[in-house]
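In: what's the 3D shape of this:
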Amino acid sequence: MTPQDKQFITNEIKTFNAEYWFEVDRNKGLKAHEYFTEDGVYTTSIKSRKGHAAISEFYAERQARDATRTGRHIITNERVTVVDAHHATCDWILQLHAADGAPVLPSEVAILIGDVHDVCQRGSDGQWRYVSRAITPIFKSSTPTTG
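Out: Next comes the predicted model:
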């Protein structure tokens with residue numbers, strides 16, 4: 001694999017990651033499960049969920065809550081390791097700002113800063129998906145997360 005191939009895949013993974021959080025922050029995660037393999041595992045700061053049904057249920061439960069939830073997931077320091085043309089990992093830092101209510105909300109400190117490790121796989125359709133995503137909290141505020 002050439003350095004250009006690796007850079008192209010690195011850019012694909014970074015774009016994929018940004019698209020996922022855009023889906024979560026702007027569309028309430030209604031299609032978030034589609035970013036995972038059928039048996040993908042999503043480990044948040046609270047628990048693990050395996051498979052499309054469990055991941056979809058997590059976001060549906062959040063949406064069903066009475067209060068409007070507003071959140072922004074800020075990602076930084078992405079470090080992609082390309083294994084081959086169909087496999088890669090990505091380690092990065094998540095900063096989460098979230099609260100119940102509709103914008104404009106008061107600006108507060110991040111409710112979570114964590115390390116994230118993703119294992120990614122390109123499917124036969126050419127699309128990248130998460131085999132697993134694990135969020136490890138490093139700092140947490142007194143505001144609870146919904147993960």
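In: Now tell me what touches the helix ranked longest in the chain from outside.
Out: Identified as the longest helix of the chain according to DSSP state H is helix 3-27. Residues from elsewhere that reach helix 3-27 (Cβ atoms under 8 Å, 6 or more residues apart in numbering): 29-32, 35, 59, 71-73, 75, 78, 80, 82, 85, 88, 90, 92, 118, 120, 128, 130. For glycine as for every other residue, the C-beta is placed from the backbone atoms N, C-alpha and C.
In: Just the buried residues out of these, in PyMOL syntax.
Out: Applying 16 or more other Cβ atoms under 10 Å to the contacts of helix 3-27, the buried members can be selected in PyMOL as follows:
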select buried, resi 29+32+35+59+71+73+75+78+80+82+88+90+92+118+120+128+130
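In: taking the contacts of helix 3-27 one by one, which sit in strands?
Out: 71-73, 75, 78, 80, 82, 88, 90, 92, 118, 120, 128, 130 (DSSP state E).
In: on contacts alone, who are the packing partners of the lowest-mean-pLDDT helix or strand in the chain?
Out: Ranked by mean pLDDT, DSSP states H and E, the weakest helix or strand in the chain is helix 52-64, scoring a mean of 91. In terms of contacts (3 or more Cβ pairs under 8 Å, 6 or more residues apart in numbering; DSSP states H and E), helix 52-64 is packed against strand 36-43, strand 48-50.
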